[in-house]
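Student: just need the structure, nothing else, for what follows:
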Amino acid sequence: MTTPAGETVNVPVSGRLRSNNLSAVLAAARNGLGLAAMPRYVVADSLASGNVVEVLKDHVLPEQEIHAVFPSPKLVPGKVSAFVAYLQGHFGVRWWETLSKA
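Tutor: From the prediction side, this is the model:
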């Protein structure tokens, strides 16, 4: 994660619960089982409802990318091109900031 001063900080974490499933991690955090580093788009509703509380508000996680992958750029069906265009319009730069904030 990055501090407000732009410094990258690595924090070794250990605990009883480990998961690569964001829904499971969010459920654990909502049930008081500890802290979770999660993307805002995953926790927006829980933040808005007060089920979880944001800590380290000034720190940010590394940005994520979304990729559309298909076999050949020459043979892309129209519906795939239309869907990719929709995603590009829907998920613009910093789209997660438009989600509800507590």
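Student: show me what contacts residue 68?
Tutor: Applying Cβ atoms under 8 Å, 6 or more residues apart in numbering to residue 68 gives the contacts 80, 83-84, 87. Where C-beta positions appear, they are placed from N, C-alpha and C, glycine not excepted.
Student: out of those, which are inside helices?
Tutor: Residues of those located in helices (DSSP state H): 80, 83-84, 87.
Student: nearest to residue 33 among these?
Tutor: The closest of the ones in helices among the contacts of residue 68 to residue 33 turns out to be residue 87 (Cβ to Cβ; 33.5 Å).
Student: what score does the residue nearest to the spatial centre of the chain have for pLDDT?
Tutor: Centroid-nearest residue in the chain: residue 39, 2.6 Å away (criterion: Cα atoms, centre = their mean). Residue 39 is assigned 85 on the pLDDT scale.
Student: residue 32 in helix, strand or coil?
Tutor: Here residue 32 is coil, with the state taken from DSSP: H, G, I helix; E, B strand; the rest coil.
Student: and it, how many neighbours?
Tutor: Neighbour count for residue 32, taken as other Cβ atoms under 10 Å: 7.
Student: so how far is residue 83 from residue 74?
Tutor: Here residue 74 is placed at a distance of 18 Å from residue 83 (Cβ to Cβ, to the nearest Å).
Student: neighbour-wise, which of those two wins?
Tutor: Legend: neighbour count by other Cβ under 10 Å for residue 74 and residue 83, higher for residue 83 (12 against 5).
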